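Novice: make a model of this:
(2 chains)
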2 protein chains.
Amino acid sequence: MTLSDLKKEIRINQNFLCVGLDSDLNRIPAHLRKKKYPILEFNKSIIEATKNHCVAYKLNTAFYESSGSVGWEQLEATLEHIPDDKFVIADAKRGDIGNTAKHYARAFFERLNVDALTLNPYMGMDTLEPYAEYTDKTLIVLGLTSNAGSEDIEQLCAANKSPVYLQTMHRTAETVPQKRLMFVVGATHGTMMKGIRDQFPDHFFLVPGVGAQGGSADEVYDHLSNEETGILINSSRSIIFASEGEDFTVAAEKKARELSGWMASRF
Amino acid sequence: MTLSDLKKEIRINQNFLCVGLDSDLNRIPAHLRKKKYPILEFNKSIIEATKNHCVAYKLNTAFYESSGSVGWEQLEATLEHIPDDKFVIADAKRGDIGNTAKHYARAFFERLNVDALTLNPYMGMDTLEPYAEYTDKTLIVLGLTSNAGSEDIEQLCAANKSPVYLQTMHRTAETVPQKRLMFVVGATHGTMMKGIRDQFPDHFFLVPGVGAQGGSADEVYDHLSNEETGILINSSRSIIFASEGEDFTVAAEKKARELSGWMASRF
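Specialist: Below is the predicted model:
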């Protein structure tokens, strides 16, 4: 699915929710942990419970790699259970020189065949190019992240007075075609978010940080949306771990439905 | 193995070579590609051929992820074939918020149990902290990378006239204890390398970019070494793909021996 297809799904469904499958083995319900593939079983249930209330799923590779090759197997298997009309993101924040980047691109865009991949642009624009060669895939490049540490480097003020993250975003926008590019913009930055939308009126943003990290969905919508919505709000822990008991699917469905209802009210 | 142990091995062996297992499936000899685990077979042969001429091995995760979970299995299996007296680096350049970073730390420092992991510090110092909690492990944080794109963001001049990469390195040095920290400093930067050593006289550097990327080993030694050597030179493609034929182990052994001989001459 392309970014253009995702925008269409957002319009049709009046929904811009991405469910983050940050499926921490230590937090999934005890009765599932006994199974051979606990993360896969958990994901299948969460997908079933939330698929009518979202347009996208995001899989954070860390939560699979921490189980080793068995975790990577469950990442692969989970993808088979995501309905075809959902936009699938691998949240891997990869970033490396060209020869290596080609292999990451192959891993995610060919082998796993996800629709989009998050990327860390710090090493420079030549590290993004191998991904941009896949014309049906979307690159999701770090803009301003949701964590407090974003002050350390991203928000450093450069010599021309513009912070590093904005310069990085402008360089990225020159490198990757807009129709295949999203930026990560954290939900925790108040009015700074408005400034980003002003500088990038037509770009699409993936917005983490609503929920467990404290960002407000209303504030995100007010500051970051544009005429064609232009945002995908990701919620991970607050949905998938809404309950850590046997009723986890009921609790996840309820939480996703609440967000979905709020989103529909904005159309 | 700790960084202190590595320094001891360097001194004893008069060697500071790291062999990079960037084991690109498309470049390994044809007769191995027919095997069930071609990358593992290739790595076992390369390790056997080079182990007397190096003190460390570096596994770049991209070249394993591009084979999916089977690739990750071969990454795990390769680690079992590296002798105990070698320092083992996972070159993964991970970087993400704390909750996610904890899982990457678990993946590499517990599950794979490597000695060191490369990290991308762009998202800020709080993203390094979960790794720093492992007191027997070494964090290898990007300083100035070897690719041309390092000009785009790393070399941006910040408001106080110091480039972003130097500010990032200083912040990192305040966050991670020196005895558990290396910086990545690319071999391709001529006299800029000297400037980095001047600002960080006692830190240890992992130096990629010698060989296939065009960096000179002599220049690296002259600009980046310190009294206790203080550098690990990584060579990947120029050793492991010295020949892509059936004589690949002979060619790899020869190339590693040449570098090892040159290194011994510097003690």
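Novice: from the centre of chain A, give me the residue that's furthest out.
Specialist: Relative to the C-alpha centroid of chain A, counting by CA atoms, centre = their mean, A:Ala159 is the outermost residue, at 31.2 Å.
Novice: mind listing what's buried along stretch A:3-18?
Specialist: Neighbour-count burial for stretch A:3-18, counted by 16 or more other CB atoms under 10 Å in any protein chain shown, picks out A:3, A:6-7, A:9-10, A:13, A:15-18. From N, CA and C alone the C-beta is placed, and that goes for glycine too.
Novice: what about the helix or strand harbouring A:Ala251, distance to the chain center?
Specialist: A:Ala251 belongs to helix A:248-264 when assigned by DSSP states H and E. Relative to its chain's centre, helix A:248-264 lies at 18 Å (CA atoms, centre = their mean, to the nearest Å).
Novice: do stretch A:6-15 as well
Specialist: For stretch A:6-15, the distance to the chain centre is 16 Å (CA atoms, centre = their mean).
Novice: what sits up against it?
Specialist: A:1, A:16, A:53-56, A:85-87, A:115, A:138, A:204, A:228-229, A:232, A:260, A:263-264, A:266-267 (CB atoms under 8 Å, 6 or more residues apart in numbering or on different chains).
Novice: ok, the buried residues of stretch A:3-18 vs chain B, which is closest?
Specialist: Among the buried residues of stretch A:3-18, A:Cys18 lies closest to chain B (CB to the nearest CB), at 15.6 Å.
Novice: helix, strand or coil for the closest one?
Specialist: At A:Cys18 the chain is in strand, as set by DSSP: H, G, I helix; E, B strand; the rest coil.
Novice: isn't A:Leu25 up against A:Pro38?
Specialist: Yes. Look at A:Leu25 against A:Pro38 with CB atoms under 8 Å: they come within range, at 6.3 Å.
Novice: what strand or helix carries A:Leu139?
Specialist: strand A:138-144.
Novice: right, is the following helix or strand past that strand up against chain B?
Specialist: Next in sequence after strand A:138-144, counting helices and strands by DSSP H and E, comes helix A:164-175. Yes. Residues of helix A:164-175 contacting chain B under CB under 8 Å from any CB of the partner chain: A:164, A:167-168, A:171.
Novice: that older thread, chain B versus the residue farthest from the centre of chain A, what's the distance?
Specialist: Distance of A:Ala159 to chain B, computed by CB to the nearest CB, to the nearest Å: 4 Å.
Novice: could you give the bridge partners of the residue lying closest to that residue once chain neighbours are set aside?
Specialist: Counting by CB to CB, 6 or more residues apart in numbering or on different chains, A:Ala159 lies nearest to B:Cys157, which is 4.3 Å off, once chain neighbours are set aside. Beta-bridge partners recorded for B:Cys157 (DSSP bridges): B:Pro163.
Novice: quick one: contacts for B:Cys157?
Specialist: Going by CB under 8 Å, 6+ apart, the list of residues near B:Cys157 reads A:158-159, B:163-164.
Novice: what pLDDT does the model give it?
Specialist: pLDDT recorded at B:Cys157 is 87.
Novice: so what's the residue count around A:Arg266?
Specialist: 14 (other CB atoms under 10 Å in any protein chain shown).
Novice: same check on A:Met193?
Specialist: Neighbour count for A:Met193, taken as other CB under 10 Å: 24.
Novice: part of a helix, is it?
Specialist: Yes. Assignment of A:Met193 by three-state DSSP places it within a helix.
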